[in-house]
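Asks: what follows is a protein structure lacking sequence information:
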């Protein structure tokens, strides 16, 4: 794996944060169009751009005055490893902060992502994401449907 490969994969991981924080659910669908997404609140993997976009619209509260969820997803401790030619995996931490009407700025959920990637036509893309959340704060201003403890 070259440095260019590493940075292309790292940018995919970070791009998700920018898309979700902007409320760009169509962009998230496109980002994961070729991936299986494993989400704690859903029993089967979500696949395909339209299904992924629909998942985010179903669960994520968007504030009309900003058009966003009023969050900042911070992904850290990223480890990326090659899995042969044109394949890679990563693990990372995520901590989501939110400030919303009636909710001062605070961390609301934390956990990790286990991702897999593939290189198709010379471009890296997600092939799988496992979201594993284990730290729960006040999600009432973020989610339209609750999960977790």
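Replies: Good, I have the coordinates. Everything quoted here is computed from the prediction, not taken from an experiment.
Asks: just want the phi and psi numbers for residue 38.
Replies: phi -100, psi 110 (degrees, to the nearest 10).
Asks: contact partners for the closest residue to it other than its chain neighbours?
Replies: Among residues not flanking residue 38 along the chain, residue 130 sits closest, at 4.5 Å (C-beta to C-beta, 6 or more residues apart in numbering). The C-beta positions use only the backbone N, C-alpha and C, and glycine is treated the same way. By C-beta atoms under 8 Å, 6 or more residues apart in numbering, the contact set of residue 130 is 38, 113-115.
Asks: residue 130 belongs to a strand, doesn't it?
Replies: Yes. Under DSSP: H, G, I helix; E, B strand; the rest coil, residue 130 sits within a strand.
Asks: so in terms of bridging, what pairs with it?
Replies: Beta-bridge pairing for residue 130 (DSSP bridges): residue 38, residue 114.
Asks: any idea of the pLDDT on residue 40?
Replies: Residue 40 is assigned a pLDDT of 86 by the prediction.
Asks: now for it, how many residues are close by?
Replies: 13 (other C-beta atoms under 10 Å).
Asks: what about it, is that helix, strand or coil?
Replies: Quick answer, by three-state DSSP: residue 40 is coil.
Asks: pLDDT of stretch 122-139, averaged?
Replies: Stretch 122-139 comes out with an average pLDDT of 96.
Asks: nearest residue to the spatially most central residue of the chain other than its sequence neighbours?
Replies: Geometric centre of the chain, nearest residue: residue 16, 5.1 Å, by C-alpha atoms, centre = their mean. Leaving out its chain neighbours, the residue that sits closest to residue 16 by C-beta to C-beta, 6+ apart is residue 31, at 6.1 Å.
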